[in-house]
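Q: Quick one: sequence and predicted model below, then my questions.
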Amino acid sequence: MNFSKDTKENYTIVKSNVEKLDSSNASELKSELVLLNKNSVNTIILDLSSSKYCDSSGLSAILIGNRLCKDSGGVFVITGLQSNVSKLIKISQLDKVLNIYETMVDALEALKNHASDSV
């Protein structure tokens, strides 16, 4: 399985189990994110700590997840970026659009803060 899900009470963690997030598996990630959204999950943490490479189709899947969560009043958070993936996101200027946190602890803390802000 290229991606695993861990559903919690208020959010779902999607973990990438692939070294390269590219055209060979990005559609699978996109499908997972769309399916979660259809099942009323609008707060997702995408853990990319296992992915050392990402291409434009991987970025496209990430952006779809971000849009789906935002459009349904939720939050899309990315954590565990490897240096090459981080560079690509910065070059694409997506670091200004995406919620990126270095560690899972930071990501969970951000979600907690977001939940208390929207109460």
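A: Cool, the structure landed. Numbers count the residues shown, from 1 in each chain.

Q: Grab the nearest non-local neighbour of residue 63.
A: Closest residue in space to residue 63, ignoring its immediate chain neighbours: residue 94 at 7.3 Å, by CB to CB, 6 or more residues apart in numbering. For glycine as for every other residue, the C-beta is placed from the backbone atoms N, C-alpha and C.

Q: could you measure residue 39 against residue 33, distance?
A: 11 Å (CB to CB, to the nearest Å).

Q: higher neighbour count, these two?
A: residue 33 (25 against 10; other CB atoms under 10 Å).

Q: contact partners of the helix or strand harbouring that one?
A: Using DSSP states H and E, residue 33 falls within helix 26-38. Helix 26-38 is touched from outside by 2-3, 5, 12, 14, 16, 21, 44, 55, 57-58, 60-62, 64-65, 68-69, 72, with contacts defined as CB atoms under 8 Å, 6 or more residues apart in numbering.

Q: and with 6 Å instead?
A: With CB atoms under 6 Å, 6 or more residues apart in numbering as the contact definition, helix 26-38 has outside contacts at 2, 3, 12, 57, 58, 61, 64, 65, 68.

Q: Now the buried members of those residues.
A: The neighbour-count criterion (16 or more other CB atoms under 10 Å) marks 3, 12, 57, 58, 61, 64, 65, 68 among the contacts of helix 26-38 as buried.

Q: Cool, thanks, talk later.
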